[in-house]
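Chemist: sequence-free structure coming up:
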């Protein structure tokens with residue numbers, strides 16, 4: 001598919017488009033290789049919050065306009081925030097990196113990301129903070145903060161080691177090297193690699209497949225997986241009985257049984 005962007009202001013913006021139960025979230029500053037500015041971070045958090053708050057929306061797809069996902073932070077635009085230790089995202093919104101900062105909400109609904117071309121620093125951290133990543137085969141990845149005298153604070157120091165092991169994480173975090181889609185796939189940073197130009201279609205197809213499932217069950221499954229990763233298997237197991245009891249008493253569970261008996265696709269309502 002081809003998403004149609006608005007004409008962005010100089011500082012860039014985040015465009016949104018609704019396709020049935022899917023919220024497309026587009027990074028829109030292609031003239032600057034989608035370099036991130038404070039207004040873009042705020043608007044991204046607003047889009048993620050909209051996804052969580054709108055009961056009609058079930059899945060998000062983060063993508064970018066232009067040839068590249070993002071060249072990373074626009075350092076002159078964000079330097080003052082970093083020096084003051086401030087975030088450009090107002091508290092109370094869903095924080096897109098999803099690592100549970102105090103004062104911010106955490107996303108509950110799934111996020112699929114389509115990356116292409118240059119995907120540096122914050123781009124890697126946003127995709128690692130999502131759930132499923134589709135990469136074009138022309139991607140160039142780099143976590144280059146140490147090359148700029150700063151540290152990656154959007155989740156790379158947490159998730160690279162979690163996905164790829166300590167040595168692989170240190171290799172890319174400490175050298176600021178550049179690597180391609182095949183290496184990102186090997187390291188479990190991305191889940192699928194497709195020919196350039198097909199990444200958004202594939203991400204949307206995955207999102208639509210998720211959106212066709214029972215929404216309450218999708219959210220519960222996602223959150224249980226995260227609990228197992230962050231708090232350990234016993235914490236996740238401790239939720240099994242109550243969560244299954246709650247889901248089994250939902251309208252969607254009843255519809256799941258009916259659709260099984262009637263041999264037809266289920267029509268879930270999210271209740």
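Modeler: Great, that's in hand. It should be emphasised that the depicted structure is a prediction, and the values quoted were computed from it without experimental measurement.
Chemist: CA only for contacts and neighbour counts going forward, please
Modeler: Fine.
Chemist: Helices of this protein, residue ranges please.
Modeler: Here the chain has its helices, by DSSP state H, at 38-53, 75-84, 122-128, 156-164, 166-175, 181-186, 199-211, 215-231, 233-237, 240-248, 251-262.
Chemist: gap between residue 88 and residue 246?
Modeler: According to CA to CA, to the nearest Å, residue 88 stands 37 Å off from residue 246.
Chemist: just residue 133 next, same as before
Modeler: In terms of CA to CA, residue 133 sits 30 Å off from residue 246.
Chemist: Then residue 199?
Modeler: According to CA to CA, residue 199 stands 36 Å off from residue 246.
Chemist: Neighbour count: the two, which is higher?
Modeler: Set residue 199 next to residue 246 and count neighbours by other CA atoms under 10 Å: residue 199 wins out with 24 against 12.
Chemist: Just want the most central residue of the protein.
Modeler: Compute the mean C-alpha point of the chain, and by CA atoms, centre = their mean the closest residue is residue 130, 2.7 Å away.
Chemist: Contact partners for that residue?
Modeler: Residue 130 makes contact with 97, 98, 110, 111, 112, 113, according to CA atoms under 8 Å, 6 or more residues apart in numbering.
Chemist: between these, which is closest to residue 67?
Modeler: The closest of the contacts of residue 130 to residue 67 turns out to be residue 113 (CA to CA; 15.2 Å).
Chemist: Check that closest one and give its pLDDT.
Modeler: Listed pLDDT for residue 113 reads 98.
Chemist: can you check residue 2 too?
Modeler: For residue 2, the pLDDT comes out at 64.
Chemist: same check, this time on residue 116
Modeler: Looking at residue 116, the pLDDT reads 98.
Chemist: again, but for residue 222
Modeler: Looking at residue 222, its pLDDT reads 98.
Chemist: quick one: contacts for it?
Modeler: 108, 109, 110.
Chemist: in the sheet, who's paired with the closest residue to the last one other than its chain neighbours?
Modeler: In this case it means residue 110. Ranked by CA to CA, 6 or more residues apart in numbering and with sequence neighbours excluded, the top spatial neighbour of residue 110 is residue 59, at 5.2 Å. With DSSP bridges as the criterion, residue 59 is bridged to residue 22.
Chemist: got the contact list for residue 114?
Modeler: Residue 114 neighbours (CA under 8 Å, 6+ apart): 61, 62, 63, 64, 133, 134, 135, 136, 199, 200, 203.
Chemist: so where's the stretch 51-200 of the chain shaky on pLDDT?
Modeler: The stretch 51-200 of the chain contains no residues with pLDDT under 70.
Chemist: Please work out which of the helices of the chain is packed deepest.
Modeler: Among these, helix 122-128 has the highest mean neighbour count (mean count of other CA atoms under 10 Å), at a mean of 24.
Chemist: who does that helix touch, helix- and strand-wise?
Modeler: Other elements packing on helix 122-128 under the criterion 3 or more CA pairs under 8 Å, 6 or more residues apart in numbering; DSSP states H and E are helix 156-164.
Chemist: Counting by contacts, list what the helix it packs on packs against.
Modeler: Judged by 3+ CA pairs under 8 Å, 6+ apart, the packing partners of helix 156-164 are helix 122-128, helix 166-175.
Chemist: Run the chain-centre distance for it.
Modeler: 15 Å (CA atoms, centre = their mean, to the nearest Å).
Chemist: Repeat that for stretch 146-153.
Modeler: Offset of stretch 146-153 from its chain centre (CA atoms, centre = their mean): 22 Å.
Chemist: Show me which residues of it are buried.
Modeler: Using 16 or more other CA atoms under 10 Å as the test for burial, stretch 146-153 gives residue 152.
Chemist: Span of that stretch from start to end?
Modeler: Length of stretch 146-153, first residue to last, CA to CA: 11 Å.
Chemist: Run through who's touching that stretch.
Modeler: 121, 143, 145, 173, 174, 175, 176.
Chemist: Over to stretch 105-116 now: how far is its first residue from its last?
Modeler: Stretch 105-116 has an end-to-end distance of 28 Å (criterion: CA to CA).
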